[in-house]
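Engineer: Quick one, what's the 3D model for this:
(chains A and B)
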Number of protein chains: 2
Amino acid sequence: MANFEGLNSITLNPGDELPPLAAGRMRLYNMRFCPFANRSVLYISKKKLPVEVINVNLKEKPDWFVQRNPLGKVPMIEHDGKVVFESLIVNEYLDELFPETAILPTDPFERAQQKILVERLSSIQAAFFAFMMNKDGDYTQAIESMEKALANAESLLVDDFYGGKTTGYADFAVWPIFERFPAITLNPKIGVKEFPGAKYPKLSAYIERMKQQPEVKAVMKPVELHEKFLKSAWIEKNPDYNLGI
Amino acid sequence: MANFEGLNSITLNPGDELPPLAAGRMRLYNMRFCPFANRSVLYISKKKLPVEVINVNLKEKPDWFVQRNPLGKVPMIEHDGKVVFESLIVNEYLDELFPETAILPTDPFERAQQKILVERLSSIQAAFFAFMMNKDGDYTQAIESMEKALANAESLLVDDFYGGKTTGYADFAVWPIFERFPAITLNPKIGVKEFPGAKYPKLSAYIERMKQQPEVKAVMKPVELHEKFLKSAWIEKNPDYNLGI
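Structural biologist: The predicted structure is shown next:
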């Protein structure tokens, strides 16, 4: 994590001062548990870009954050007065700024295929949030969506990674959900005992393989910590941004 | 429209044969009234790329269509055995394939800003579909969303076009909704008499300006035709794909 400065720094709240950003320095506005911000954290980890990280309270947003990004979302990149947000836009932007460590393929068709793969894998994300947003305690539909999404993700995995022989753009887009999804197995009320389970051998091997990648290892969090955060955010409605620091 | 072959050709249904595609030729799978497909139609119109168009029934999808695109959506591009879908991915792909007519700026930051603008304008699209999906005949909320989205779009228009002094990537992404939105004024039950209305002078001038652009003029349809199609699709649940041919 030598390229990150402050990846697990204390979260800044309204009223907290924003430290000045030196010329030529790159800053990432992040939320430590946000799966979208995590896409750019992974990208930066793989590219080994030197960045300083500002962790932001997304429930009560500091003025300096909303001023820079009216959508109020992370990830956001800032450097030399320039601001870019939206995870997939940020990642492609980082490749264009630093082509020597480009993760997207240079061939237009191959690039497009990586982007299409992210769309085709988006049902995993929808399934995950179906669990989070569940209100009536009946998880039948969420489990059904999950099984469909897993079967789809299994069928789309035709090599070691979604990026091919090595991790790529699509892997870093989908991994944050795969990292968080096993948290549902820690809630006995949901009734899912393993994720993704033996029905999905390719996906199970993929998840183990991803965990061994240096760029993933460097920034991943234990599932127990994710579970605690998700509980604080979705059940207690009081996200505990500084968990585990 | 000289660069399009078959833009208003009869829609193909399940059982209809797909004509062979010659080597080196580019084909667009389209639905004549689809706002997402229209993004790529506009892009191709501006770039003056020679393409042949296959119009596809999206309610009952031909096998050859779903085989090429498991998501079953338009636009889709096919050439030399390569298939690319998702409107924004298609448009960026066309710029990468044909950089001599690139619409996205080459500067990474400017490119990113055009993509961010599409995200920031997406509330217009959400507001439009809120009208279409309305079921109880009470349009209060949809009108509220529309006003918010229009105020936002008005504030984001800081030049002649969202692309700057000329039409750009963001214009072609948002225009299909601006072309269709006035259809709501033709339904007296909704109670919206003008779109976007005098409250939005910049946007009103923008819409008139867009209608005069050759690439828009070449492919746009009268609002009455859109209204008929929307009625067939959303109220009668029987989309009339060949309206106006």
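Engineer: Assumed residue A:54 was part of a strand.
Structural biologist: Yes. Counting by DSSP: H, G, I helix; E, B strand; the rest coil, residue A:54 is located in a strand.
Engineer: what about the residue nearest to it when sequence neighbours are not counted, is that helix, strand or coil?
Structural biologist: Once flanking residues are discounted, residue A:54 sits nearest to residue A:29: 5.2 Å by CB to CB, 6 or more residues apart in numbering or on different chains. All C-beta spots, glycine's among them, are computed from the backbone N, C-alpha and C. Counting by three-state DSSP, the backbone at residue A:29 sits in strand.
Engineer: Helices along chain A, start to end?
Structural biologist: With helices called from DSSP state H, chain A shows them at A:35-47, A:63-68, A:87-97, A:108-120, A:122-132, A:140-156, A:169-180, A:201-211, A:214-217, A:223-230.
Engineer: Turn those helices into CSV, including mean pLDDT.
Structural biologist: Output for those, formatted as CSV (pLDDT from 0 to 100):
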stretch, mean pLDDT
helix A:35-47, 98
helix A:63-68, 98
helix A:87-97, 98
helix A:108-120, 98
helix A:122-132, 97
helix A:140-156, 97
helix A:169-180, 98
helix A:201-211, 98
helix A:214-217, 98
helix A:223-230, 97
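Engineer: Please identify which of those helices is closest to residue B:82.
Structural biologist: Of all the helices of chain A, helix A:108-120 sits nearest to residue B:82, with 5.3 Å by CB to CB.
Engineer: Who are the packing partners of the closest one?
Structural biologist: Secondary-structure packing of helix A:108-120 (3 or more CB pairs under 8 Å, 6 or more residues apart in numbering or on different chains; DSSP states H and E): helix A:140-156, helix A:169-180, strand B:82-85, helix B:87-97.
Engineer: Now distance to residue B:176 and mean neighbour count too, for those, in CSV please.
Structural biologist: Output for the helices and strands packed on helix A:108-120, formatted as CSV (distance: least, CB to CB, whole Å; neighbours: other CB atoms under 10 Å in any protein chain shown):
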stretch, distance to residue B:176, mean neighbour count
helix A:140-156, 28, 17
helix A:169-180, 26, 25
strand B:82-85, 16, 20
helix B:87-97, 9, 22
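Engineer: will you turn the ones you listed into JSON lines that also has distance to residue B:183?
Structural biologist: Listed next are the helices and strands packed on helix A:108-120 as JSON lines, based on distance: least, CB to CB, whole Å:
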{"stretch": "helix A:140-156", "distance to residue B:183": "33"}
{"stretch": "helix A:169-180", "distance to residue B:183": "35"}
{"stretch": "strand B:82-85", "distance to residue B:183": "26"}
{"stretch": "helix B:87-97", "distance to residue B:183": "20"}
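Engineer: out of the ones you listed, nearest to residue A:218?
Structural biologist: Closest approach to residue A:218 among the helices and strands packed on helix A:108-120 (CB to CB): helix A:169-180, 12.7 Å.
Engineer: That closest one - contacts with which helices or strands?
Structural biologist: The criterion is 3+ CB pairs under 8 Å, 6+ apart, and the helices and strands that helix A:169-180 contacts are helix A:35-47, helix A:87-97, helix A:108-120, helix A:122-132, helix A:201-211, helix A:223-230.
Engineer: Contacts made by the second one with the rest, please.
Structural biologist: Applying CB atoms under 8 Å, 6 or more residues apart in numbering or on different chains, the set of residues contacting helix A:87-97 from outside is A:36-37, A:39-40, A:43-44, A:47, A:49, A:75-77, A:84, A:101-104, A:115, A:118, A:169, A:172-173, B:108-109, B:111-112, B:115-116, B:119.
Engineer: Drop anything exposed from the residues you listed.
Structural biologist: The neighbour-count criterion (16 or more other CB atoms under 10 Å in any protein chain shown) marks A:36-37, A:39-40, A:43-44, A:47, A:49, A:75-77, A:84, A:102-104, A:115, A:118, A:169, A:172-173, B:108, B:111-112, B:115-116, B:119 among these as buried.
Engineer: Which residue, other than its chain neighbours, is closest to residue A:187?
Structural biologist: Nearest non-adjacent residue to residue A:187, counting by CB to CB, 6+ apart: residue A:227, 7.3 Å away.
Engineer: how deep is that neighbour tucked in, by neighbour count?
Structural biologist: 17 (other CB atoms under 10 Å in any protein chain shown).
Engineer: what do you get for the one 4 residues further on?
Structural biologist: Other residues lying near residue A:231 total 16 when counted by other CB under 10 Å.
Engineer: before we move on, what about residue A:160?
Structural biologist: 16.
Engineer: for the residue nearest to residue A:55 when sequence neighbours are not counted, phi and psi?
Structural biologist: Closest residue in space to residue A:55, ignoring its immediate chain neighbours: residue A:11 at 4.3 Å, by CB to CB, 6+ apart. Phi and psi for residue A:11, reported as degrees, to the nearest 10, are phi -70, psi 140.
Engineer: got a list of what the closest residue to residue A:105 other than its chain neighbours touches?
Structural biologist: If the residues on either side of it in the chain are set aside, residue A:105 comes closest to residue A:111, at 5.4 Å by CB to CB, 6+ apart. Each residue near residue A:111 by CB under 8 Å, 6+ apart is listed here: A:104-105, B:93, B:96.
Engineer: Looking at those, which is nearest residue B:182?
Structural biologist: Proximity of the contacts of residue A:111 to residue B:182 (CB to CB) peaks at residue B:93, which lies at 30.7 Å.
Engineer: Close to chain B: what parts of chain A are there?
Structural biologist: Counting by CB under 8 Å from any CB of the partner chain, chain A comes close to chain B at A:70-71, A:82, A:84-86, A:89-90, A:92-93, A:96-97, A:108-109, A:111-113, A:115-116, A:119-120.
Engineer: pLDDT score assigned to residue A:2?
Structural biologist: Per-residue confidence (pLDDT) for residue A:2: 71.
Engineer: Roughly how far does it sit from residue B:3?
Structural biologist: 52 Å (CB to CB, to the nearest Å).
Engineer: what about these two, which has more around it?
Structural biologist: Remark: of residue A:2 and residue B:3, residue B:3 carries more neighbours, 13 against 7, as counted by other CB under 10 Å.
Engineer: gap between that one and residue B:221?
Structural biologist: Relative to residue B:221, and taking CB to CB, residue B:3 is found at 18 Å.
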